[in-house]
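S.K.: Fold the following and give me the result.
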Amino acid sequence: MDRLAGANRSATSVRISQRKFSRPGSAAAVYLARADDVTHAMTAGGLSDGPVLLVPACSGVPAVVAREISRLNPPTVFALGSTAAVCDDTLRAAAGSRATGRLGGPDQTTTSVAIARHVWPGSAATVYLAAGGFSPDVIAGGALTDGPILLLGTDPSVLPQSIVSAIDDLAPARVVALGGQGQVTDAVLAAAARGRKTERIAGSNRYQTSAMIARRVFPTATVAYLARGDGNNIIDALPGGILVDGPMLIVPGGSTCSFLPAAARAYLADTRPTKVIAFGGAAAVCDPMLRQAALTAVPRPVPDCSRTRCVALTYDDGPGADTEALLNTLWSKNVPATFFVLGHRAKARPATVRRQAMEGHQVQNHTWSHPILRRMSLSAQHAEYRQTSNLLSSLGLPRTDMLRPPYGEYNANTRKLGVPLILWDVDPLDWRDRNSKTVRTRVLDATRPGSIILMHDWHRTTVAAASGIIDGLRARGYAFVTVDQLVPDARPGDVVFSRTRINRAG
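M.R.: Residues are numbered from 1 along each chain as shown. As a prediction, this is how the structure comes out:
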């Protein structure tokens, strides 16, 4: 996985430019778009002969953009949109002694027509219609290379005459709407097609639509791009439209790090690109989402534990203040673990729990409040289990299907909860002896093939021991798996101590 990101929007657009146009002088043109309002250049993804670089409307050319233009040394520099988008002074300053041009007019429709005529001066096999305004559907449509995208105005029921004329000139075999009826009505689509074949690419939301476009253009892919597209947050994505070696999948961004949309997950799982690249920094596409995408595309290999010395690292009582540091270690070592979380602590740190799941770890149930279950009625035990399972489900995680009873204590009622009880055969007593070296030594000395290792991410000394434990076990030939991979045949009511020691229900 990788990230194309700079210190700001302009710098990010330069990074994208350098990916496609790595050789100096390899671009036939450079296109300038307004950095704080990309509505003026929404269809710029169709421009394939040069990068789209983001600049202020009329307050000079960022040094990073000027250097990139100098490196590419194109014969012509174009502004996208009207002078309100990129003023003439900015265009001239960016171009220097080079020729200049402008693709645009007073509105989005006019600009989209100008870009279409520039890229397809003759005919096009397809014309795509999309709504004006901020449209992630249009950004994702940059991968569509068989014809231009023309933008309607803000009213999806009105067909501008300039679009009718452009379609007549392009003489496409078909006209395709991007988005649902709220974006392009059937009546407008039919009027624009004027007897030509019509289609519609529309999902239930913008994320699904981008995945549908991806499947249409890239039924197989070696690279996929992730771009933020929630609300009007599409600025980092706009310059990425020039990259046509793989699809652009629109994903949510912002302060809450969400799970990868289901449609994107399904696409990546089906096509298995070897690389996933995010546009922009972590505020645009968070690290756990990028990692989830990478693991969806190229999952961690699961060893055959009947032939391999498998062990499961398990952590109880979190998430805590140091769990994020543990996750950093596990990611850097490419090791999965199983977290048995307490519900009340998961409620306090929902982002950490989501990250655990997004980065390929198993998240399971350790009750809500860490009671001694054998002292409780069956209904009270069930309430402890159900409350945590419901919370995790509300955070987007699968419902739990395992339980680690607190203190390892259980009774016949606990075995009636409908899930296997996961205990352990290696206990370094890290809760009592807060010494990283001691914890590491005890784990290394006691682990055997098939072991389930009990630790607590609530304790900083345990988190600090993780790297040494992983390195030490690997040096002894062990492979790491989650508990469900170690004991795939665990059944409800079973009490599991290790892969080879299971007290079966009944």
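
S.K.: Tell me where the stretch 51-200 of the chain has strands.
M.R.: Across the stretch 51-200 of the chain, reading from the start of the chain, the strands by DSSP state E, counting those that start in this stretch fall at 52-55, 76-80, 99-103, 126-130, 149-151, 174-178, 197-201.

S.K.: any chance of these in TSV, plus mean neighbour count?
M.R.: Backbone N, C-alpha and C define where each C-beta goes, glycine included. Below are the strands of the stretch 51-200 of the chain laid out as TSV (neighbours: other C-beta atoms under 10 Å):
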stretch	mean neighbour count
strand 52-55	26
strand 76-80	24
strand 99-103	17
strand 126-130	25
strand 149-151	27
strand 174-178	23
strand 197-201	16
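
S.K.: Now mean pLDDT too, for those strands, in JSON lines please.
M.R.: Formatted as JSON lines, the entries for the strands of the stretch 51-200 of the chain read as follows, by pLDDT from 0 to 100:
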{"stretch": "strand 52-55", "mean pLDDT": "96"}
{"stretch": "strand 76-80", "mean pLDDT": "98"}
{"stretch": "strand 99-103", "mean pLDDT": "98"}
{"stretch": "strand 126-130", "mean pLDDT": "96"}
{"stretch": "strand 149-151", "mean pLDDT": "95"}
{"stretch": "strand 174-178", "mean pLDDT": "96"}
{"stretch": "strand 197-201", "mean pLDDT": "96"}
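
S.K.: Let's have those strands in TSV, adding distance to His344.
M.R.: Written out in TSV, the entries for the strands of the stretch 51-200 of the chain read as follows (distance: least, C-beta to C-beta, whole Å):
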stretch	distance to His344
strand 52-55	45
strand 76-80	52
strand 99-103	57
strand 126-130	47
strand 149-151	50
strand 174-178	45
strand 197-201	45
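
S.K.: Out of the ones you listed, the one nearest Ala282 is which?
M.R.: Closest of these to Ala282 is strand 52-55, at 19.0 Å (criterion: C-beta to C-beta).

S.K.: what sits up against that closest one?
M.R.: 9-10, 12-14, 17, 30-35, 38, 41, 44, 61-62, 65, 68-69, 80, 86, 90, 94, 235, 238-239, 241-242 (C-beta atoms under 8 Å, 6 or more residues apart in numbering).

S.K.: and Leu129, what is it in contact with?
M.R.: Shown in contact with Leu129 (C-beta under 8 Å, 6+ apart): 149-150, 152, 163, 175-178, 184, 188-189, 192.

S.K.: State the distance from it to Ala114.
M.R.: Summarising the geometry, the distance separating Leu129 from Ala114, computed by C-beta to C-beta, to the nearest Å, is 16 Å.

S.K.: where along the stretch 351-500 of the chain do the strands fall?
M.R.: Read by DSSP E, counting those that start in this stretch, the stretch 351-500 of the chain holds these strands, from start to end of the chain: 362-365, 421-422, 452-456, 478-480, 495-496.

S.K.: if you average pLDDT over the longest one, what comes out?
M.R.: Confidence over strand 452-456, taken as the mean pLDDT, stands at 98.

S.K.: Please pull up the helix or strand immediately following the top strand by length along the chain.
M.R.: Ordering each strand of the chain by length in residues (DSSP state E) puts strand 309-316 first. Tracing the chain past strand 309-316, the next element assigned as helix or strand by DSSP states H and E is helix 323-333.

S.K.: outside of that following helix, which residues touch it?
M.R.: Counting by C-beta under 8 Å, 6+ apart, 291, 315, 336-337, 339, 349, 352, 355-356, 359, 361, 457, 463, 466-467, 470-471 sit against helix 323-333.

S.K.: Taking strand 309-316 as reference, get the angle to it.
M.R.: What separates the directions of helix 323-333 and strand 309-316 is an angle of 160 degrees, with axes from the mean of the first three to the mean of the last three C-alpha atoms, to 10 degrees.

S.K.: Quick one, grab the pLDDT at Leu238.
M.R.: Predicted confidence (pLDDT) at Leu238: the value is 86.

S.K.: Just give the closest residue to it, not the sequence neighbours.
M.R.: Distance criterion C-beta to C-beta, 6 or more residues apart in numbering; nearest residue to Leu238, sequence neighbours excluded, is Val38 at 4.6 Å.

S.K.: Then Leu417?
M.R.: Of all residues not flanking Leu417 in the chain, Tyr385 sits nearest, at 5.6 Å (C-beta to C-beta, 6+ apart).

S.K.: how about that neighbour, what does it touch?
M.R.: Contact partners of Tyr385, counting by C-beta under 8 Å, 6+ apart, are 365, 367, 400, 403, 417, 419.

S.K.: Please repeat the previous calculation with a cut-off of 10 Å.
M.R.: Contacts for Tyr385 (C-beta atoms under 10 Å, 6 or more residues apart in numbering) come out as 343, 365-368, 373, 400, 403, 405, 414, 417-419.

S.K.: among these, which ones are buried?
M.R.: When burial is judged by neighbour count using 16 or more other C-beta atoms under 10 Å, the buried members of the contacts of Tyr385 are 343, 365-368, 373, 400, 403, 405, 414, 417, 419.

S.K.: The stretch 201-350 of the chain: helices as residue ranges?
M.R.: Here the stretch 201-350 of the chain has its helices, by DSSP state H, counting those that start in this stretch, at 206-217, 262-271, 287-297, 323-333, 343-348, 350-358.

S.K.: bridging residues for the closest residue to Ala190 other than its chain neighbours?
M.R.: Nearest in space to Ala190, with sequence neighbours left out and distances taken as C-beta to C-beta, 6+ apart, is Thr198 at 6.6 Å. In this structure, Thr198 has the following beta-bridge partners (DSSP bridges): Val175.

S.K.: I'd like the numbering to begin with 642 instead of 1 from here.
M.R.: Sure, I'll start numbering at 642, so the last one becomes Thr839.

S.K.: Quickly note the distance from Thr839 to Pro715.
M.R.: Note on Thr839: its distance to Pro715, by C-beta to C-beta, is 37 Å.

S.K.: and what of Arg948?
M.R.: When distance is defined by C-beta to C-beta, Arg948 is 58 Å away from Pro715.

S.K.: ok, these two, which is more surrounded?
M.R.: For Arg948 versus Pro715, the count of surrounding residues by other C-beta atoms under 10 Å is larger for Pro715: 21 against 7.

S.K.: any idea how this structure splits into domains?
M.R.: Split into domains by automatic domain parsing, the chain comes to 846-940, 950-1144.

S.K.: and these, which is most packed in?
M.R.: For these, average neighbour numbers computed from mean count of other C-beta atoms under 10 Å are highest in domain 846-940, which has a mean of 21.

S.K.: Quick one: end-to-end length of it, please.
M.R.: According to C-alpha to C-alpha, to the nearest Å, domain 846-940 extends 26 Å from its N-terminal end residue to its C-terminal end residue.

S.K.: Distance from it to the middle of the chain?
M.R.: Its chain's C-alpha centre and that of domain 846-940 lie 5 Å apart, by C-alpha atoms, centre = their mean, to the nearest Å.

S.K.: again with stretch 731-750
M.R.: So, by C-alpha atoms, centre = their mean, the centroid of stretch 731-750 is 34 Å from its chain's centroid.

S.K.: in that stretch, what counts as buried?
M.R.: Neighbour counts using 16+ other C-beta under 10 Å place 731-732, 735-736, 743-746, 748-750 of stretch 731-750 among the buried residues.

S.K.: how far does it stretch from start to finish?
M.R.: For stretch 731-750, the first and last residues are 23 Å from each other (C-alpha to C-alpha).

S.K.: just checking, what packs against the worst-scoring helix or strand of the chain on mean pLDDT?
M.R.: Sorted by mean pLDDT, DSSP states H and E, the helices and strands of the chain end with helix 777-781, the least confident at a mean of 88. Helix 777-781 makes packing contacts with strand 767-771, strand 790-792, strand 815-819, helix 847-858, strand 864-869, strand 889-892 when contacts are defined by 3 or more C-beta pairs under 10 Å, 6 or more residues apart in numbering; DSSP states H and E.
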